[in-house]
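> coords please:
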Amino acid sequence: MTKVLITGATGNVGTEVIKSLQKIDHQLDIYAGVRNSNEDRIKLSDYKIKYLLFNFTDFKTYNTALDGCDILFLLRPPQISEVEKYFKPIINTCKDKGVKHIVFLSVQGVEKSKLIPHQKIEKLIVDSKIPYTFLRPAYFMENFTTTLHNDLVKKKLIYLPAGNAKFTLVDVRDIGAVSATILTNISQHINKSYELTCQKKLTFSEMATILSENLGTVIQYKSPSLISFFLTKRKENTSIMLILVMIMLHYFPRFQKEPEITDWIAKIINRQPITFEQFVTDNKLLLIK
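Now for the predicted structure:
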């Protein structure tokens, strides 16, 4: 059987990939790469998978986890940005172990920005000559249930320096479905890149309106200056690294060309992508408390 290792298996994307694979009839041998076998087994106990110890910051786990691996689903944990230190050894180990394909979760617009680690990781993979598929998703709708959740629930506020920039969006469930389809039909996706978006661009002001209408409460959007945003988030004990990432994600798009809407999700999984309205409806309980 074809051995597939899913990194970041207990995160939002990794879990959705595993969940989507459960819905497909396939002959893959699925392994979840986990940092703590006992805790993570509990998180993934609903799924029929196997487990391997894999920790991005523990080089010793690379060899064992990638031994006999045919396909690697690779993502970048938000807290890890040192590409040379962590990802170069992973890719080198893939070469040594004979990994046949890497599916890498990148980001939309990666080719336009040298500031983000994903561009360097993509280059490492291309240079390795290992066949690849790059998934380049738009802005995660699930940011509203994670990074932006505290302001949304406690202050009924979206507080970001995004101005009136328009964003393409994607639901993580669609990323999981696309990933699972590609993993089970890997020969059709060799050395291809796919930007994954829903079919509508929205400003954060428009997102606030949709949230308000669907949650039955008024959600305000405020776009502060960079200094105000930085100081406010530091007072909330947000790490400087996360603040800088949030600035990169939300402030820089104000001065860049609007991202494109694509139809790759529909083409790959044969259904239309989840809308932001549907995301809000499906996650209503999470978004109000």
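> and the helices in the stretch 151-289 of the chain, which stretches?
Using DSSP state H, counting those that start in this stretch, the helices of the stretch 151-289 of the chain run over 172-183, 204-215, 226-235, 240-250, 264-269, 276-282, 284-288.
> just those: most buried one?
helix 172-183 (a mean of 24; mean count of other C-beta atoms under 10 Å). In this view, the C-beta of every residue, glycine as well, is placed from N, C-alpha and C.
> name the residues that touch that helix?
For helix 172-183, contacts defined as C-beta atoms under 8 Å, 6 or more residues apart in numbering pick out 4, 12-13, 15-21, 23-24, 26, 28, 71, 73, 103, 105, 133, 135, 137, 140-142, 188-189, 194, 196, 198, 264-265, 268-269, 273-274.
> looking at those, which are in strands?
4, 28, 71, 73, 103, 105, 133, 135, 137, 140, 194, 196 (DSSP state E).
> for the nearest residue to the first one once chain neighbours are set aside, which residues are in contact?
Think Val4. Ranked by C-beta to C-beta, 6 or more residues apart in numbering and with sequence neighbours excluded, the top spatial neighbour of Val4 is Ile71, at 4.5 Å. Ile71 makes contact with 2-5, 28, 99-103, 183, 186, according to C-beta under 8 Å, 6+ apart.
> for Ile71, which residues make a bridge with it?
Val4, His101 (DSSP bridges).
> so for it, what's the pLDDT?
With respect to pLDDT, Ile71 has a value of 98.
> swap in Ser37?
We have a pLDDT of 67 for Ser37.
> same question, the one 5 residues further on
Note on Ile42: pLDDT of 83.
> again, but for Lys222
For Lys222, the model assigns a pLDDT of 98.
> wait, what's in contact with it?
Neighbouring residues of Lys222 by C-beta under 8 Å, 6+ apart: 157-159.
> how much space separates it from Phe255?
Separation of Lys222 from Phe255 (C-beta to C-beta, to the nearest Å): 20 Å.
> now do stretch 250-261, average pLDDT.
Average pLDDT, stretch 250-261: 93.
> which outside residues touch that stretch?
Applying C-beta under 8 Å, 6+ apart, the contact partners of stretch 250-261 are 108-109, 112-113, 138, 160-168, 195, 197-201, 204, 226.
> I'd like to know which of the residues you listed are buried.
108-109, 138, 160-162, 165, 167-168, 195, 197-198, 201, 204 (16 or more other C-beta atoms under 10 Å).
> got the contacts of Lys222 as JSON lines, with pLDDT columns?
Output for the contacts of Lys222, formatted as JSON lines (pLDDT from 0 to 100):
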{"residue": "Leu157", "pLDDT": "97"}
{"residue": "Ile158", "pLDDT": "98"}
{"residue": "Tyr159", "pLDDT": "98"}
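> nearest to Ala208, of those?
Ile158 (5.4 Å; C-beta to C-beta).
> that closest one contacts Ser212, doesn't it?
No. Ile158 is beyond contact range of Ser212, at 10.5 Å (criterion: C-beta atoms under 8 Å).
> between those two, which contacts overlap?
By C-beta under 8 Å, 6+ apart, the residues touching both Ile158 and Ser212 are Ile219.
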